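J.: Build me a model from this:
(one chain, ligands or ions: 1)
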Amino acid sequence: MPKVFITREIPSAAIDLLRKHGHKVTVYRKDSPISAKELLKNIKDSDAVISLLTEKFDKALIDQLKNCKVIANYAVGYNNIDVEYAKKKNIIVTNTPDVLTDSTADLTLALILACARRIVEAEKFLRAKKYKGWKPNLLLGMELKNNVLGILGAGRIGTAVAIRAKAFGMKIVYSNKIRNEILEVQTKAKKISIDNLLKTSDIVSVHLPLNSKTFHFLNKEKLNLMKTNSILVNASRGEVIDEKELIKLLKKKKISCAGLDVFENEPNLNDEFYKLNNVVILPHIGSATTEARTNMALLAAKNVIAVLSGKKAITPV
Ligand code: DGY
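T.: Numbers count the residues shown, from 1 in each chain. The predicted structure follows:
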């Protein structure tokens, strides 16, 4: 019986599916990330691992995997795994693309709207019993219609965000390595340079994968190119933005608001974020819908079943 270790409780449909296919499944059931020691103990002789983005599969850990044929990451991002090294060791790495695109795009739109219409600030104001009646200049925000949305990284999620924003009447520009014809046809988006996108967008939405080239991609120089009063939204990975520089610009109100679902050092946020009024901060819930999480679990399980039965992985990275 092939042994599969799952590093955290995930939707049971995936566990049922693995068992139905004759796999011996062990799940780490504590409601906190597994320690490196515990992880090592459990995965040493596993044939497959379903891992979360909270587990770091570096060279040292991969070296300890004696039987493992597949690491199925329960996420579309896979910056927690040294993929190249796993490949060298003949371990296939898979992720969960597509199934979380709509959930993450919906959440990105929620961040865009929350920033543009100052939703969180307004709610705090009301709860603090500061509302003394309607007035013309109370909590003025920005309309989406006719404003420019810059999509930085026009993959699946970036495209889905642009399509949603188009329905709100936004003008779309994007910057991506390659041309995205679907995006252009569906939203009349224009591909422009990164610097130009930053200089001309009213709202910038970041959809870059994290790797050595994108770490602090939005650094001091790039962030300073952004338009005065613009909005920055990030539901990809926190490390793509230099948070210290972002905080400086938020304090000066050069960037009017940031909507962030991800942070450099999760779950420990830079304290300044808690103090600022012009940020909307969320605990990495981009894919947190029942539909997406169930389908992520099923896709991870199907990847494991495929690889362990000698077939091609469905979504290798
Ligand atoms: C991912 O899939 O990479 C998200 O960050 C978590 O769903």
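
J.: Can you tell me the closest non-neighbouring residue to the closest residue to the ligand within the stretch 201-317 of the chain?
T.: In the stretch 201-317 of the chain, the residue that lies nearest the ligand is residue 287 (3.4 Å; C-beta to the nearest ligand atom). (C-beta placed from N, C-alpha, C; glycine too.) Spatial nearest neighbour of residue 287, excluding adjacent residues (C-beta to C-beta, 6 or more residues apart in numbering): residue 100 at 3.8 Å.

J.: How about residue 203, nearest residue that isn't a chain neighbour?
T.: Once flanking residues are discounted, residue 203 sits nearest to residue 231: 4.5 Å by C-beta to C-beta, 6+ apart.

J.: would you say that neighbour is within a strand?
T.: Yes - under DSSP: H, G, I helix; E, B strand; the rest coil, residue 231 sits within a strand.

J.: Would you mind naming the residues that bridge with it?
T.: Bridge pairing for residue 231 (DSSP bridges) gives the partners residue 203, residue 257.

J.: Could I get the pLDDT score of it?
T.: At residue 231, the pLDDT value in this model is 98.

J.: Then the one 5 residues further on?
T.: At residue 236, the model reports a pLDDT of 98.

J.: surely it meets residue 209?
T.: Yes - assessed by C-beta atoms under 8 Å, residue 236 is found in contact with residue 209 at 7.0 Å.

J.: picking up where we left off before, I'd like to know how far the residue nearest to residue 287 sits from the ligand.
T.: To the ligand, residue 100 is 6 Å away according to C-beta to the nearest ligand atom, to the nearest Å.

J.: Report how many residues lie close to that residue.
T.: Neighbours of residue 100 under the rule other C-beta atoms under 10 Å: 25.

J.: Same question for residue 230.
T.: Neighbour count for residue 230, taken as other C-beta under 10 Å: 25.

J.: Enumerate every residue touching the nearest residue to it once chain neighbours are set aside.
T.: Among residues not flanking residue 230 along the chain, residue 202 sits closest, at 5.5 Å (C-beta to C-beta, 6+ apart). When contacts are counted by C-beta atoms under 8 Å, 6 or more residues apart in numbering, residue 202 touches 142, 147-149, 227, 229-231.

J.: how far is stretch 7-14 from where the chain is centred?
T.: Centroid displacement of stretch 7-14 relative to its chain, using C-alpha atoms, centre = their mean, to the nearest Å, is 20 Å.

J.: Correct me if wrong: the residue nearest to residue 287 contacts residue 290.
T.: No - counting by C-beta under 8 Å, residue 100 sits too far from residue 290 to count as a contact (11.9 Å).

J.: Tell me where the stretch 201-317 of the chain has strands.
T.: Ranges of strands in the stretch 201-317 of the chain, per DSSP state E, counting those that start in this stretch, are 203-206, 230-234, 255-260, 279-281.

J.: The third one and the ligand in contact?
T.: What that stands for is strand 255-260. No - legend: contact between strand 255-260 and the ligand by C-beta under 6 Å from any ligand atom is lacking; minimum distance shown is 12.7 Å.

J.: Run the angle between that strand and strand 230-234 for me.
T.: In terms of direction (axes from the mean of the first three to the mean of the last three C-alpha atoms, to 10 degrees), strand 255-260 departs from strand 230-234 by 10 degrees.

J.: What average pLDDT does strand 255-260 get?
T.: On average, the pLDDT along strand 255-260 is 98.

J.: which secondary structure elements does it contact?
T.: Packing partners of strand 255-260 (3 or more C-beta pairs under 8 Å, 6 or more residues apart in numbering; DSSP states H and E): helix 101-116, strand 230-234, helix 243-251, strand 279-281.

J.: try the last one
T.: Strand 279-281 sits against helix 101-116, strand 255-260, helix 271-275, with contacts defined as 3+ C-beta pairs under 8 Å, 6+ apart.

J.: at 10 Å what do you get?
T.: Identification of packing neighbours for strand 279-281 by 3 or more C-beta pairs under 10 Å, 6 or more residues apart in numbering; DSSP states H and E yields helix 101-116, helix 119-127, strand 230-234, helix 243-251, strand 255-260, helix 271-275.

J.: So in that sheet, which strands flank it, and in what orientation?
T.: Applying DSSP bridges, strand 279-281 is found paired with strand 255-260 (parallel).

J.: Appreciated, that's everything.
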